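**Q** quick check, what structure comes out for this input:
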Amino acid sequence: MDSKYQSYVDLIKSKLSPYRFNHSVEVAKSAVYLAEKYGGDSEKMYVAGLLHDVLKESDREETFFFFNKYDTELTKLERVTPKLWHAIAGADFIKNELGIDDEDIISAVRYHTTGRADMSLSEKILFIADFISADRDYNGADEMRERAEKSLECAMDMGLSFTISDLVENGKPVHPDTIDAYNDIKLQE
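**A** Numbering: from 1, shown residues only. Got it, this is the predicted structure:
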């Protein structure tokens, strides 16, 4: 798949540090693996994985350039939470600047950080791939990989619990989409 999407590889290489570039490539590989395991579209997930952090290292000025250019409305919480900007602006960027019109890819990029209620298969795959990529070595990464082998929902439960706990422990607000995603997974149990 690499040669077909070389322009995306070149783009992220030009926009990201070597660390973040490597992370994006590893997430793409994990997303393909999960797509093949759980019946998703591996080609779409490869693209989403490559591009999920395309604006992760953009400064505020560049990020808000895209928000303004595409009339992106941010909630009060989103305006004061820079860690969320890259996913929101990234979805706008890949749609409008790269001409990607596939909603699976766009929404997977948009919700890979927060999750949301009623997540699609593609959204779940990218959310989990971001947690289990080979470059990840946080405390619990191996358990997360084991859970991803059992089911996407099992891994989502851990990923969302981790995210919410981390935000609360650090005195940060929790995006309503993350709470909705967590409740959605719990209601499915």
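**Q** so how far is Asp71 from the spatially most central residue of the chain?
**A** Compute the mean C-alpha point of the chain, and by C-alpha atoms, centre = their mean the closest residue is His112, 2.5 Å away. Applying C-beta to C-beta, to the nearest Å, the value for His112 to Asp71 is 22 Å. For the C-beta atoms, the positions are set from N, CA and C on the backbone; glycine is no exception.
**Q** how about Trp85?
**A** From Trp85 over to Asp71 the distance is 15 Å, taken as C-beta to C-beta.
**Q** the two: who's more crowded?
**A** Using other C-beta atoms under 10 Å as the criterion, Trp85 and Asp71 rank with Trp85 on top: 22 against 7.
**Q** what sits closest to the more buried one if chain neighbours are left out?
**A** Excluding its sequence neighbours, the residue lying closest to Trp85 (C-beta to C-beta, 6 or more residues apart in numbering) is Thr63, at 4.9 Å.
**Q** now do Leu121
**A** Gly40 (5.1 Å).
**Q** ramachandran angles for the one you found?
**A** Backbone torsions for Gly40, taken as degrees, to the nearest 10, come to phi -90, psi -180.
**Q** tally of neighbours for the closest residue to Asn96 other than its chain neighbours?
**A** Spatial nearest neighbour of Asn96, excluding adjacent residues (C-beta to C-beta, 6+ apart): Tyr70 at 5.8 Å. Tyr70 has 16 neighbouring residues, counting by other C-beta under 10 Å.
**Q** what's the longest helix that the chain contains packed up against?
**A** The helix that spans the most residues within the chain, counting by DSSP state H, is helix 18-38. If you count contacts as 3 or more C-beta pairs under 8 Å, 6 or more residues apart in numbering; DSSP states H and E, helix 18-38 packs onto helix 6-15, helix 42-51, helix 121-132.
**Q** low-confidence stretches in this protein?
**A** Scanning the chain for pLDDT under 70 picks out 1-2.
**Q** what strand or helix carries Lys172?
**A** Assigned by DSSP states H and E, Lys172 falls within no helix or strand.
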